[in-house]
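Enquirer: test case, fold it:
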Amino acid sequence: MRLRMLLARLALDPGRPVSADSLIDDLWGEESPAGAASALQGLVSRLRRVLGGAASLELVAGGYRLSVRAQDVDAARFEELLGRGRRELAEGRHKEAAATLAAALALWQGVALADVREAPFADPVATRLHNLRQAASEDRIDVELRLGRHAEALSDLESLAAANPLSERLAGLRMRALAAVGRQADALSVYEEIRARLGDELGADPAPALQDIHLALLRGEIEQPAAQAEAAPSRLPAQLTSFVGRAGELEQVGALLSAARLVTIVGPGGAGKTRLSLEAVAGDPAYRRGRVWFVSLAGVSTADQVAESVLSALNSADGRLYKDGHAAPLDRVCELLDVGDAVLLLDNCEHLVEAAAELADQLLVRLPQLKILATSREALALTGEALCHLGPLEVPRDASVAAEAEAVRLFVDRAASVRPGFALDETTAEAVVEICWRLDGMPLALELAAAKMRSMSVDQIARRLDDRFRLLTSGSRTALPRQRTLLAVVEWSWDLLTEQERVLARRLAAFPGGATLPALEAVCADASLPVADIVYVVGSLVEKSLVQESGDRYRMLETVRAYALGRLAESGDAVGEPFIGYFLRLAEAHEPMLRTRDQLSAIAVFDAEYENLTHALRCAAAAGDEGTASRLVGAMFWYWGISGMSTQFETYLRYGGALPEQARATFGLVRASMEVDSAGAREFHPARPLMRMAQLAFPTEDSDLEQALDSPDPWVGACAHWARDFLLTEEGDLRSGAASRQAALHGFEKVGDRWGLVISLLPLGRDHSLRGEHGPAIAAFERVVVLSSELGTEDYLYLGRARLARERRRSGDLDGALRDIQAAHQRARERGHRRMEVNILVGLANVHRLSGDLARADQTLDELEALIRRGTIPAELARDLIVSTRLENRLAGGDAVQARKLLPDAVGSLITQGYSAGLAWAAELLAGVLALEDDLRGAAAALGMSHVIRGEFDHGEPELRALVERLTAHLGADGYAQAYALGTTMPRQDAIDHVAGRVLAGGAGQAALLR
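Expert: Prediction:
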């Protein structure tokens, strides 16, 4: 019961933190137990397990927060709808108010908080909600009466009045309804009845408002039901397809129309401006009165035809001819539109924008109640104009979350209409997401692509988007010519540009990552386009919706850029060398800053210009300019490293021959260090590919490590100390590198290198963890998470979160571990980082195992294997961790047979990789299996081997501590110590060989190990 109370209390503050003190008071009141805080934590843990993936319960600053939206909680949704309905009622929007209030009341399924009514917080909340429900019922009946539905409202009024005999508002509503249906005598009886009740029970007279209704009854002044008005005929073109997405933009246009007299929807061709405008005006009050007119200017070719086109549309819509053939078109337009509040929709104004603006200005001046909604690729630029900028539809980051994205929904809807049965599923999601991304989420392009489903599969369409203008030619035969093909859509916009605008647009296309103004000025200027003109020309391109401005960067939609690249190739503009030169200078200027306190600003530059930098590198290589290519590689090399872009090293190793000797050596060592690539290896340390690079980045005259350790440059010294410790750690010597670990940290702190601090804090946190010093370990890993967040490097951030969650688990804080894992998992899903789920899900399985839920631990690993089978995660990234964690699950369950079967694969992969932490883990797994098989001395010896292999026994792992306690209990303290010493006295390599031999003795996996 109290678990349900906790859920209800948190849901009443959806998405907002509730303090622990408030929760204790609200759940227990004055009878709170002595250990109320612990009892609350226990309830929170149980609720998290019950919720599963439905919602997360987070501990945040200020208390506990249930991560649900207000619209997902009926009580909050009810109050929001009630408020909206009351506003609509006050504004005279009676039909909308009736629908909204009915929706609010439909959320009720019984008495509020009925199943938690015993909770101390429940009574006042339930009473307030009951009163609001009563008020909502009265508001709904009020609006029904205003709509003339008197007879329908009477039955509800009778039942409500019976339950609330002293409600004067209900009495007044009953009197109005009865009078409206001709029952004046009954209406007067209602007044006499409530007057008597009020006097007898409260000693009061009816309120003035009720007395006024009574007086109006006596005078016969109560309104009679008005005849239902026939729906005004629609003057908008009927739509043949559903309206998908754009809820936010639709609401925005509605709000703008209620506040401004001229609203223009501005956006690139194919964004869906016309469809949005039609949906928006259909919701305007003027539409219900038949006072909305639609005028398409798409077929108008000259400015002097604009007013004539509007007049033609108005006369055609009204079925009237010209009254006076000599009247000026503008005068006649004003006459036809002089009907009170009305809306004129001017569609496709961009090619006649000056004439459309002049007409709009004259109409707005002469008709004070007229509003104009226009669509155009640039603003009309009139005083008082309000703009709605329409861009692409929402595009998903990842196929796993594609179903709710607007672009995907539109494509699937249109594709299903031409290929019945088509649906978004595991077989189509990847291709659909690819299409949506490549087509910028632009509605018309997506509809053209969906139309190809008549003759192609979704995979075939996705593979052919490099030739998009040839592919997407299947528009409606009845559409305007410029809307039938993707090429025609873009050409229409291109033809509206001036010559200077076309020059800059095609040169901007050379920037795959967009361009800043300094970049445009450095690369695009020449005699035909002076530097001083560029800022004005690019501004004009933005106004014409051919270029998007975001911060200090100008970009093109990919489809527009593809077209402009064709025009660039035809023009022969020589922008290649200026482009390469500009970005080479930029990279070389910012590269040294990557190792200083200015690191974040330098990273921001590399992040923003990354596509342009790599494009410059490819162009230099394609041109055979190996010197420039090698300089670019050198300038980007460290950025790749601290950004976790390990694959870039391999990609650009082909430039090694043109690199200086030191850089070639670095590349070779990096390649050697990357021969083994697995989740387990990367989890050991994020900087593994940079192990040698740290030694070689700033070599002294002699690149010997010992000299680098004494370098006067604190950054070089820090790298050398880190590298020395890394090498010693891999040799199983943790003690000798202790001083270097501290020296590396101090050196990186001195220069302000956050990346260096991250890779230095990880081994320091490991040291604390191995000693069972969980507080300092958690503090170190928390700092890793903070620094990684500042760096914006996802690999390090996920690794830091994984280490932090692991340490919380090891300390016994399973709730804290679960919170960290859930936060990392949510971030990975939202950003499409599916490969990060390996360590995340393995960590989650470990938490479930430690909490005693082996079934959920195995189920989590099953989910990870399902991702591998679907190809979402490469098998090599997860195989070793999955089998090793399954083995730990079998050890926890006491299943010796299954544990022995899994041992060869688990230990074999760890031994083959050869990393110190993995080798020690292999010995620990062997110890667990031997203990289950009653080889207790062998298990103790294996634990001793883990010590000598790693250089330290893992005192911080609770499962190992439990194993030691069990072995000591059976062997005795001396017996355990003697057996443990058998392992610790072995030479390290002998210990590794012995672990491998004991695993081979199990038979399974022998051949794999011998290979």
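
Enquirer: what ranges do the helices span in the stretch 501-650 of the chain?
Expert: Assigned by DSSP state H, counting those that start in this stretch, the stretch 501-650 of the chain shows helices spanning 517-524, 531-543, 558-571, 576-590, 599-608, 610-622, 626-642, 646-651.

Enquirer: other residues contacting the third one?
Expert: For helix 558-571, the surrounding residues in contact (C-beta atoms under 8 Å, 6 or more residues apart in numbering) are 268, 438-440, 442, 445, 468-469, 486-487, 490-491, 493-494, 502-503, 505-510, 512, 546, 556, 575. Bear in mind the C-beta positions are built from the backbone N, C-alpha and C, glycine included.

Enquirer: buried sites along that helix?
Expert: E558, T559, V560, R561, A562, Y563, A564, R567, L568 (16 or more other C-beta atoms under 10 Å).

Enquirer: C388 belongs to a strand?
Expert: Yes. Assessed with DSSP: H, G, I helix; E, B strand; the rest coil, C388 lies in a strand.

Enquirer: ok, the nearest residue to it once chain neighbours are set aside - contacts?
Expert: Using C-beta to C-beta, 6 or more residues apart in numbering and skipping the chain neighbours, the partner closest in space to C388 is I265 (4.8 Å). Counting by C-beta under 8 Å, 6+ apart, I265 touches V253, K273, L276, S277, L373, A374, T375, S376, L387, C388, L390.

Enquirer: residues near the fourth one, how many?
Expert: When neighbours are counted by other C-beta atoms under 10 Å, S277 registers 26.

Enquirer: who's in contact with the helix or strand in which it is found?
Expert: Using DSSP states H and E, S277 falls within helix 273-282. For helix 273-282, contacts defined as C-beta under 8 Å, 6+ apart pick out 234, 236-237, 239, 243, 246, 249-250, 253-254, 257, 265-267, 287, 292, 294, 343, 345, 347-348, 373, 375-376, 390, 443.

Enquirer: now the residues you listed: which count as buried?
Expert: For the contacts of helix 273-282, a burial check counting by 16+ other C-beta under 10 Å picks out 236, 243, 246, 249-250, 253-254, 257, 265-267, 287, 292, 294, 343, 345, 347-348, 373, 375-376, 390, 443.

Enquirer: give me the subset of the residues you listed that lies in helices.
Expert: Counting by DSSP state H, these place E249, L250, V253, G254, L257, Y287, P443 in helices.

Enquirer: P392 is in contact with the first one, correct?
Expert: I take that to be E249. No. Look at E249 against P392 with C-beta atoms under 8 Å: they stay out of range, at 11.5 Å.

Enquirer: where's E570 relative to R561, distance?
Expert: 15 Å (C-beta to C-beta, to the nearest Å).

Enquirer: same deal with L520?
Expert: Per C-beta to C-beta, L520 is found 14 Å from R561.

Enquirer: same check, this time on A177
Expert: Taken as C-beta to C-beta, the span from A177 to R561 is 64 Å.

Enquirer: likewise R48?
Expert: With C-beta to C-beta as the criterion, R48 and R561 are 47 Å apart.

Enquirer: do I759 as well
Expert: Separation of I759 from R561 (C-beta to C-beta) stands at 38 Å.

Enquirer: next one: R463
Expert: 20 Å.

Enquirer: R849 now?
Expert: On the measure of C-beta to C-beta, R849 and R561 end up 51 Å apart.

Enquirer: kindly report the same for E350.
Expert: 20 Å.

Enquirer: cool, G15 as well?
Expert: For G15, the distance to R561 equals 39 Å [C-beta to C-beta].

Enquirer: surely W108 meets R133?
Expert: Yes. Under the criterion of C-beta under 8 Å, W108 is in contact with R133, at a separation of 6.2 Å.

Enquirer: overlap in contacts, those two.
Expert: Joint contacts of W108 and R133 (C-beta under 8 Å, 6+ apart) are F78.

Enquirer: okay, now D974: neighbour count?
Expert: By the measure other C-beta under 10 Å, the count of residues near D974 is 9.

Enquirer: I misspoke; the intended subject was G747.
Expert: Neighbours of G747 (other C-beta under 10 Å): 24.

Enquirer: does it sit in a helix, a strand or a coil?
Expert: Three-state assignment for G747 (three-state DSSP): helix.

Enquirer: so who does it touch?
Expert: So G747 contacts P714, W715, G717, A718, C719, H721, G756 (C-beta under 8 Å, 6+ apart).

Enquirer: need the nearest residue in space to it, chain neighbours excluded.
Expert: Among residues not flanking G747 along the chain, A718 sits closest, at 2.7 Å (C-beta to C-beta, 6+ apart).

Enquirer: show me what the host helix or strand of the one you found is packed up against.
Expert: If you go by DSSP H and E, A718 is part of helix 714-730. The contact analysis (3 or more C-beta pairs under 8 Å, 6 or more residues apart in numbering; DSSP states H and E) places helix 714-730 against helix 693-696, helix 705-709, helix 738-751, helix 754-770.

Enquirer: with distance to G551 as extra columns, can I get those helices in TSV?
Expert: What follows is the helices and strands packed on helix 714-730, written out as TSV (distance: least, C-beta to C-beta, whole Å):
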stretch	distance to G551
helix 693-696	33
helix 705-709	40
helix 738-751	29
helix 754-770	23
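
Enquirer: got the ones you listed as TSV, with mean pLDDT and distance to V999 columns?
Expert: Output for these, formatted as TSV (pLDDT from 0 to 100; distance: least, C-beta to C-beta, whole Å):
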stretch	mean pLDDT	distance to V999
helix 693-696	39	34
helix 705-709	71	35
helix 738-751	92	32
helix 754-770	93	24
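
Enquirer: just so I know, which of the ones you listed lies nearest A780?
Expert: Nearest to A780, of all the helices and strands packed on helix 714-730, is helix 754-770, at 3.3 Å by C-beta to C-beta.

Enquirer: and the closest one, what's buried?
Expert: In helix 754-770, counting by 16+ other C-beta under 10 Å, buried: 754-770.

Enquirer: quick one: it to helix 738-751, angle?
Expert: Here helix 754-770 runs at an angle of 150 degrees relative to helix 738-751 (axes from the mean of the first three to the mean of the last three C-alpha atoms, to 10 degrees).

Enquirer: what comes up buried for the helix or strand following helix 754-770?
Expert: Where DSSP H and E defines the elements, the next helix or strand beyond helix 754-770 is helix 774-791. Buried residues in helix 774-791, defined by neighbour count with 16+ other C-beta under 10 Å: 774, 777-785, 787-788, 791.

Enquirer: just checking, what packs against the helix or strand just after helix 774-791?
Expert: Counting by DSSP H and E, the element after helix 774-791 in chain order, helix or strand, is helix 794-811. Using 3+ C-beta pairs under 8 Å, 6+ apart, the elements in contact with helix 794-811 are helix 679-684, helix 754-770, helix 774-791, helix 814-831, helix 837-850.

Enquirer: contact partners of the fourth one?
Expert: Helix 814-831 is contacted by residues 41, 44-45, 48, 56, 58-59, 397-398, 400-401, 794, 798, 801-802, 804-806, 808-809, 833-834, 836-837, 840-841, 843-844, 847, 850-851 when judged by C-beta under 8 Å, 6+ apart.

Enquirer: what's the answer for the last one, then?
Expert: Counting by C-beta under 8 Å, 6+ apart, the neighbours of helix 837-850 from elsewhere in the structure are 679, 683, 798-799, 802, 805-806, 809, 814, 817-818, 821, 824-825, 828, 854, 856-858, 860-861, 863-864, 867, 873, 877-878, 881-882, 885, 888-889, 892, 958-959.

Enquirer: what about it, average pLDDT?
Expert: The average of the pLDDT scores along helix 837-850 is 85.

Enquirer: and the next helix or strand after it, which residues are buried?
Expert: Later in the chain than helix 837-850, the nearest helix or strand by DSSP H and E is helix 854-869. For helix 854-869, burial by neighbour count (16+ other C-beta under 10 Å) applies to L854, R856, A857, D858, T860, L861, L864, E865, L867, I868.
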